[in-house]
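compute the structure for the input listed below.
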Amino acid sequence: MTTLPAEVHDLFDGKEFVTLCTLLPDGSPHLTVLWVARDGDDILLSSVEGRQNAKALARDPRATVLLSPQGHPYSYVEVRGTTTLTHEGARELIDALHEKYHGTRPYPYDTHGEVRVLIRLTPTKVVVRDIARAVASRGA
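Model prediction:
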């Protein structure tokens, strides 16, 4: 396990979007844009059982998350790691994410019968590129 540098905590705690990369059965990449939260050094994401990203992670837990701050296309944080999937806390996470990104609870878009999954990505490698400038400009 590795740690997330303190300089990127606010990005993961804020309203940035991430791109999750998982591996399909043939080894090709599958990308999904998602809301994100952070629990210490772990990255938290929400999905639904049966979606491609959840199926891929159940089969192969390796994943990468890329966060490129809005308005700063040359800055990014790449977090590679191993995921675990759980139902515990999944409903609470999607409700908290909806509040973070849209200001209201609960998350209103699940259809009948959907089962939420919490994806926890534990970092094994973190790559940070030109984030200091992006973070500094947020306060300006």
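
can you give me the buried ones in the longest strand along the chain?
Criterion DSSP state E: the longest strand present in the chain is strand 116-129. For strand 116-129, the neighbour count (16 or more other Cβ atoms under 10 Å) marks 116, 117, 118, 119, 120, 121, 122, 123, 126, 128 as buried. All C-beta atoms are positioned from the backbone trio N, CA, C, and that covers glycine.

can you give me the strands in this protein?
Using DSSP E, strands in the chain cover 18-23, 29-34, 37-39, 42-48, 62-67, 76-86, 116-129.

in a markdown table, list the ones you listed along with mean pLDDT.
Formatted as a markdown table, these follow (pLDDT from 0 to 100):
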| stretch | mean pLDDT |
| --- | --- |
| strand 18-23 | 98 |
| strand 29-34 | 98 |
| strand 37-39 | 98 |
| strand 42-48 | 98 |
| strand 62-67 | 98 |
| strand 76-86 | 98 |
| strand 116-129 | 97 |
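
tell me the most buried of those?
Counting by mean count of other Cβ atoms under 10 Å, strand 42-48 has the highest mean neighbour count of the strands of the chain, with a mean of 22.

coming back round to it: from the chain's centroid, how far away is the longest strand of the chain?
Centroid separation for strand 116-129 versus its chain: 7 Å, with Cα atoms, centre = their mean, to the nearest Å.
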